[in-house]
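S.K.: Structure for this input, please:
(one chain, ligands or ions: 1)
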Amino acid sequence: MKIINNIQELKLQLQQENKTIGLVPTMGSLHEGHISLIKKARKENEVVVVSIFVNPTQFLANEDLDKYPRKDESDKKICALCEVDYLFMPNINTMYSQDEVLIKAPKINSFILEGEKRPGHFDGVLQIVLKLFNIVNPTNAYFGKKDAQQLSLVMQMVENFYMDVTIVPCEIVRESDGLALSSRNVYLSHDEKAEALKVSQSLNLASKLVVNLELNCSTIIENMKTALSSEKIEIEYVSIVNRKFQTIETIELKNSIILVAVKIGTTRLIDNIWI
Ligand code: PAF
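M.R.: Numbering: from 1, shown residues only. Okay, here's the model as predicted:
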């Protein structure tokens, strides 16, 4: 595995390879969720590139940029074990210059749900993803379904800008107790982690309701909110949308996503299921 932090060097190496390339963009602190993306990329491409860059432009001023978990040394080991070919670890001055051309995420879909709570977040995500795509020129790029809105906006960017990359959505990986894996789970205390299980439990409840043909979204949301209710959980949203992220009133099978965002203590958690 080659560790590269220079854009021209990576571009040159990849151009010389002239092979199919799978890109897994990450902010590091790799866990089983990332590993599943890397393994899928390894199976489906001749060359695998993982990028690790904690992207400042997608953090709001009051967010956890400074204390975002960083584990460079163990990340390098994980990537080597997963047979990654190139690990791209640029620094901020490599990726950004002053007064740049800026990408704006589409107004409607980027100011609801995650975007309502984190205005400007998706502008930063699309800015860095576009840069990474232009550097790596991947055949396939791998994104987790856990960040469903991010996935949908990246797909929209690819469509709107006629980009030649296939976006591959990857399943959410969970701990055995159901908690969706996230780099931010390390912030949870023991007690908070027990509370956090209510998030996936509320989604399981929703999926059981659907199996029992309860397709009314308001009813499902009410039941989920009851399942989530706890002094320690601040519900940010429980929402049901179609795959275009439009709010729906009735579950559309194979076209619905049920999403939850909560705050437990100072930790923000998101999770979802695709129905
Ligand atoms: O999902 C993430 O880890 C980040 O948003 C991404 C896609 C690597 C862009 O910084």
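
S.K.: Spit out the contact partners of K131.
M.R.: Listed by Cβ atoms under 8 Å, 6 or more residues apart in numbering, the contact partners of K131 are M95. Using the backbone N, CA and C atoms, a C-beta is placed for each residue, glycine as well.

S.K.: leaving aside the residues next to it on the chain, what's closest to the residue most central in space within the chain?
M.R.: By Cα atoms, centre = their mean, the chain has its centre lying nearest to D147, at 3.5 Å. Excluding its sequence neighbours, the residue lying closest to D147 (Cβ to Cβ, 6 or more residues apart in numbering) is I270, at 7.4 Å.

S.K.: show me the contacts for that neighbour.
M.R.: By Cβ under 8 Å, 6+ apart, I270 lies in contact with E114, K146, D147, S182, L259, V260, A261.

S.K.: Next, it: secondary structure please.
M.R.: Secondary structure for I270, judged by DSSP: H, G, I helix; E, B strand; the rest coil, is strand.

S.K.: one step back: per-residue confidence for the residue nearest to the centre of the chain?
M.R.: D147 carries a pLDDT score of 97 in this model.

S.K.: Can you tell me how far the residue nearest to D147 is from L126?
M.R.: Distance from I270 to L126, counting by Cβ to Cβ, to the nearest Å: 18 Å.

S.K.: With I7 instead?
M.R.: In this view, I7 and L126 are 18 Å apart by Cβ to Cβ.

S.K.: before we move on, what about K107?
M.R.: Noted for K107: a distance of 13 Å to L126, by Cβ to Cβ.

S.K.: ok, these two, which is more surrounded?
M.R.: L126 (24 against 9; other Cβ atoms under 10 Å).

S.K.: Kindly confirm my reading that that one forms part of a helix.
M.R.: Yes - residue state for L126 (three-state DSSP) corresponds to a helix.

S.K.: got a list of what H121 touches?
M.R.: Contacts for H121 (Cβ under 8 Å, 6+ apart) come out as Q58, F59, L60, S110, E114, G115.

S.K.: Can you tell me which of those lies closest to the ligand?
M.R.: When those are compared for distance to the ligand (Cβ to the nearest ligand atom), Q58 wins out at 5.7 Å.

S.K.: That closest one: what's its closest spatial neighbour, skipping adjacent residues?
M.R.: Using Cβ to Cβ, 6+ apart, the nearest residue to Q58 is G124, at 3.3 Å.

S.K.: so how many other residues sit close to the one you found?
M.R.: Residues near G124, counting by other Cβ under 10 Å: 19.

S.K.: Would you mind measuring from it to the ligand?
M.R.: Look at G124 and the ligand: by Cβ to the nearest ligand atom, to the nearest Å, they are 8 Å apart.

S.K.: For that residue, give me the pLDDT.
M.R.: Reading off the confidence values, G124 has pLDDT 98.

S.K.: I'd say it and L60 touch.
M.R.: No - look at G124 against L60 with Cβ atoms under 8 Å: they stay out of range, at 9.2 Å.

S.K.: And the strands in the stretch 151-275 of the chain?
M.R.: Remark: strands assigned in the stretch 151-275 of the chain by DSSP state E, counting those that start in this stretch are 166-170, 233-242, 256-264, 267-274.
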